[in-house]
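> Requesting a structural model of the entry that follows:
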Amino acid sequence: MIIRLATTTDIPAIMQVINAVVPVMQAAGNFQWDSAYPNPEAFEKDIALKQLWVAVIDGTIAGITAITTDQSPEYAHVGWDINETAIVTHRLAVHPKFGGRGIAAALLKQAEIVAAERGIPILRIDTNTQNQATQALFPKMGYVFAGEIGLSFRPGLSFYCYEKRI
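Sure thing, here's the model as predicted:
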């Protein structure tokens, strides 16, 4: 597996991952993503900011994540100081045909590498309350549950917040 920064030429393959993941998420009752989000424009912005990473297996994009410092204002509701710089993982996805290979864990490890390179000791992430896979993964990766929030840009959904200090 190779983990590297994404390029704009990766967007069609990234959208193939998203288009495969969304129906699986929704079938499990997780409506965090849909046909409108995440979209190519979100990924173009991530790429322009050099914050979108892809996991490549045998030449195929198997997983993606945005590794940012973008914190939702609602993070303050779980007691986090959102003025404190943190590495925040967004848009973590693994193509279902590549599930069980440690891709999500490798992408979360990449967030730790970015944090270490930038001297930022705090990692944060949120996930829909219906996303059982991430709720199992995050504690295994050393993240600590911080609480539940709503996000203004995803009305009607609830999200669990997790934090890791390195």
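> Next one: the residue lying farthest from the centre of the chain from Asn83, what distance?
Of all residues in the chain, Asp58 has its C-alpha farthest from the mean position, at 22.2 Å, by C-alpha atoms, centre = their mean. Distance of Asp58 to Asn83, given as C-beta to C-beta, to the nearest Å: 43 Å. C-betas here are computed from N, CA, C, even on glycine.
> who's in contact with Thr7?
Shown in contact with Thr7 (C-beta atoms under 8 Å, 6 or more residues apart in numbering): Ile47.
> So for it, what's the pLDDT?
We have a pLDDT of 98 for Thr7.
> In contact with the residue nearest to Lys140 when sequence neighbours are not counted, which residues are there?
Among residues not flanking Lys140 along the chain, Ala105 sits closest, at 7.6 Å (C-beta to C-beta, 6 or more residues apart in numbering). When contacts are counted by C-beta under 8 Å, 6+ apart, Ala105 touches 137, 140-141.
> Doesn't Ala105 lie inside a helix?
Yes - if the criterion is DSSP: H, G, I helix; E, B strand; the rest coil, then Ala105 is within a helix.
> and it, how far is that from Ile3?
Ala105 sits at a distance of 11 Å from Ile3 (criterion: C-beta to C-beta).
> and the nearest residue to Glu74 once chain neighbours are set aside, what element?
Nearest residue to Glu74 in three dimensions, chain neighbours excluded: Ile149, at 4.5 Å (C-beta to C-beta, 6+ apart). For Ile149, the element it lies in under DSSP states H and E is strand 144-150.
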